[in-house]
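1. can you look at this prediction? I've put the sequence above it.
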Amino acid sequence: MNKSLIAILTLASFAVTACSDNDEPEIPANAITLNMTAGNSATTVGGSDVYINQSLNFTSSQCGIAVLGSNGGFDRNPDLSQIAQETAVTPGNYYQIFYAGNVSTVAGRRAYPIRYNYYNVYVDSWTYDKDNNINGAKISYVERYPQAKQLPEWGTVVETVDFSKVGYHYEYTFDKDIVIDRGYEVYNFENSNMRQHLKIDINDNRIAFSVSGSPAGKAEVILLIRYGSVYTSVTFIVQ
């Protein structure tokens, strides 16, 4: 089910020039502000390994970095359209930092799980040494979790399907903008053969369950559902 971003990340650099006439952003009360000195890998953004290297680029071996430009924000949900492991630091730009192992391809599109954190970052200005040479940057960042009210919490049991009551076929439809990933998993409960008799059909936001033969016991069906660039894991119990 989980196709890791590690395999598809490239070391491309995406630099977006900030508009000089933009107003200074309002820094949230929960933001952390720090000066990051170029080449100091001990000073990183939050719990990530992202630091500024000698080339004045954000760089990482474990994270993906997205450039949002000057029109980003501290409240932005994950934007996974362009991510790299190294990208130019530009005052006035917003960035997002994700642990690469948490980014998956869900229902044909990169998405981030609602249960894991990431960072929205703003580069305020360059910092200078005593000779007035650029030696790093002043940044502010906030730790965030994806927000998607359309999605249930991770691990939610959506429905218990009792075939003795609904017959041999049952369908469930999620909200219209939710897409179901086809990489579901089925696990039998103890002393059950339900999995061997269960057929599942997925089409966009609809999932259909049907059974044949003589099923016994119950099973859980675990699947990923995505809304935009955010996803969660949900469960159906079939018996």
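-> Okay, I see it. All figures in this text were calculated on a predicted structure; none of them were measured in a lab.

2. helices along this protein, start to end?
-> In order along the chain, the chain carries the following helices (DSSP state H): 163-166, 194-197.

3. so which of those helices is nearest Ile207?
-> Distance to Ile207, taken as Cβ to Cβ, is lowest for helix 163-166 among the helices of the chain, at 13.8 Å. All C-beta spots, glycine's among them, are computed from the backbone N, C-alpha and C.

4. avg pLDDT for that closest one?
-> Averaging pLDDT along helix 163-166 gives 95.

5. buried ones in it?
-> For helix 163-166, a neighbour-count test (16 or more other Cβ atoms under 10 Å) marks Phe163 as buried.

6. so what touches that helix?
-> With contact meaning Cβ atoms under 8 Å, 6 or more residues apart in numbering, helix 163-166 is reached by Tyr170, Val211, Pro215, Val238, Gln239.

7. Asp129: which of these is nearest?
-> Nearest member of the contacts of helix 163-166 to Asp129, counting by Cβ to Cβ, is Val238, at 65.1 Å.

8. neighbours around that closest one, how many?
-> Neighbours of Val238 under the rule other Cβ atoms under 10 Å: 25.

9. list the contacts for it?
-> Taking Cβ under 8 Å, 6+ apart, one finds Thr160, Val161, Phe163, Met194, Leu198, Phe209, Val211, Lys218, Ala219, Glu220, Val221 in contact with Val238.

10. the closest residue to it other than its chain neighbours and Gln239, how far apart?
-> Distance criterion Cβ to Cβ, 6 or more residues apart in numbering; nearest residue to Val238, sequence neighbours excluded, is Val161 at 4.6 Å. Distance of Val161 to Gln239, given as Cβ to Cβ, to the nearest Å: 7 Å.

11. tell me the bridge partners for the residue nearest the centre of the chain.
-> Residue closest to the mean C-alpha point of the chain, counted by Cα atoms, centre = their mean, is Tyr112 at 1.5 Å. Applying DSSP bridges to Tyr112 yields these beta-bridge partners: Val230.

12. now stretch 153-168: buried residues?
-> For stretch 153-168, burial by neighbour count (16+ other Cβ under 10 Å) applies to Val158, Val161, Phe163.

13. tell me the one of those nearest Asn71?
-> Using Cβ to Cβ, Val158 comes nearest to Asn71 of these, at 36.1 Å.

14. verify the stated contact: that closest one with Thr235.
-> Yes - Val158 is within contact range of Thr235, at 6.8 Å (criterion: Cβ atoms under 8 Å).

15. circling back to that earlier point, mind putting the contacts of helix 163-166 in JSON lines, pLDDT and distance to Tyr128 included?
-> Formatted as JSON lines, those follow (pLDDT from 0 to 100; distance: Cβ to Cβ, whole Å):
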{"residue": "Tyr170", "pLDDT": "98", "distance to Tyr128": "66"}
{"residue": "Val211", "pLDDT": "97", "distance to Tyr128": "70"}
{"residue": "Pro215", "pLDDT": "95", "distance to Tyr128": "71"}
{"residue": "Val238", "pLDDT": "98", "distance to Tyr128": "64"}
{"residue": "Gln239", "pLDDT": "97", "distance to Tyr128": "67"}
